[in-house]
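Peer 1: Structure for this input, please:
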Amino acid sequence: MTLRLSLEAADHATITTVSDQDVALISTRPYPPGATLRGSAPECDLSTYAIKVRTCRRQEGSQPAVFEVRGRFVNLTRAQRQQLARCGCYAPVMAP
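Peer 2: Presented below is the predicted three-dimensional model:
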């Protein structure tokens with residue numbers, strides 16, 4: 001399942017995968033490594049979140065430009081994880 005995010009800079013991104021703290025998004029805007037994205041997910045009633053960008057790559061052949069942004073959630077609370085799980089976007093990694 002994908003989840004549309006509203007970013008503080010009046011921009012939008014879509015979560016494509018979430019695994020424990022790692023997250024991948026698709027955005028029409030590039031973000032430099034080290035940047036912190038802040039925003040909310042109204043569809044999922046996720047009030048605020050922060051994602052620290054690890055990599056950002058333009059997807060080949062996309063017009064207009066589309067970027068795959070990979071990073072990690074910063075200070076994601078248990079309640080926020082549960083909310084993401086209810087939306088079908090979060091699958092916690094269990095230790096063996």
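
Peer 1: three-state assignment of the residue lying closest to A24 once chain neighbours are set aside?
Peer 2: Leaving aside its sequence neighbours, A24 sits nearest to T17 (C-beta to C-beta, 6 or more residues apart in numbering; 4.5 Å). All C-beta spots, glycine's among them, are computed from the backbone N, C-alpha and C. Put simply, T17 is strand when judged by DSSP: H, G, I helix; E, B strand; the rest coil.

Peer 1: got it, and Q83?
Peer 2: helix.

Peer 1: Could you list everything the spatially closest residue to R57 that is not a sequence neighbour pairs with in the sheet?
Peer 2: Residue nearest to R57 in three dimensions, not counting chain neighbours: E68, with 5.3 Å by C-beta to C-beta, 6+ apart. For E68, the beta-bridge partners are I26, R57 (DSSP bridges).

Peer 1: can you pull the contacts of E68?
Peer 2: E68 makes contact with 16, 24-26, 56-57, 59 under the criterion C-beta atoms under 8 Å, 6 or more residues apart in numbering.

Peer 1: you'd agree R57 is up against V66?
Peer 2: No - counting by C-beta atoms under 8 Å, R57 stays clear of V66, with 10.1 Å between them.

Peer 1: picking up where we left off before, wait, the residue nearest to A24 sits on V69?
Peer 2: No - counting by C-beta under 8 Å, T17 stays clear of V69, with 11.5 Å between them.

Peer 1: which regions of the protein sit below the pLDDT cut-off?
Peer 2: For the chain, applying pLDDT under 70 flags the ranges 1-2, 9-10, 45-46, 88-96.

Peer 1: mind listing the strands for it?
Peer 2: 3-7, 12-19, 22-27, 36-41, 46-58, 67-73 (DSSP state E).

Peer 1: Just the CA atoms of the first one, as CSV, please.
Peer 2: These are the backbone C-alpha positions of strand 3-7, laid out as CSV (Å, rounded to 0.1, in the frame of the first residue of the first chain):
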residue,chain,number,x,y,z
LEU,A,3,0.5,6.5,1.6
ARG,A,4,0.5,10.2,0.5
LEU,A,5,2.4,12.5,2.7
SER,A,6,2.1,16.3,3.1
LEU,A,7,5.4,18.0,3.6
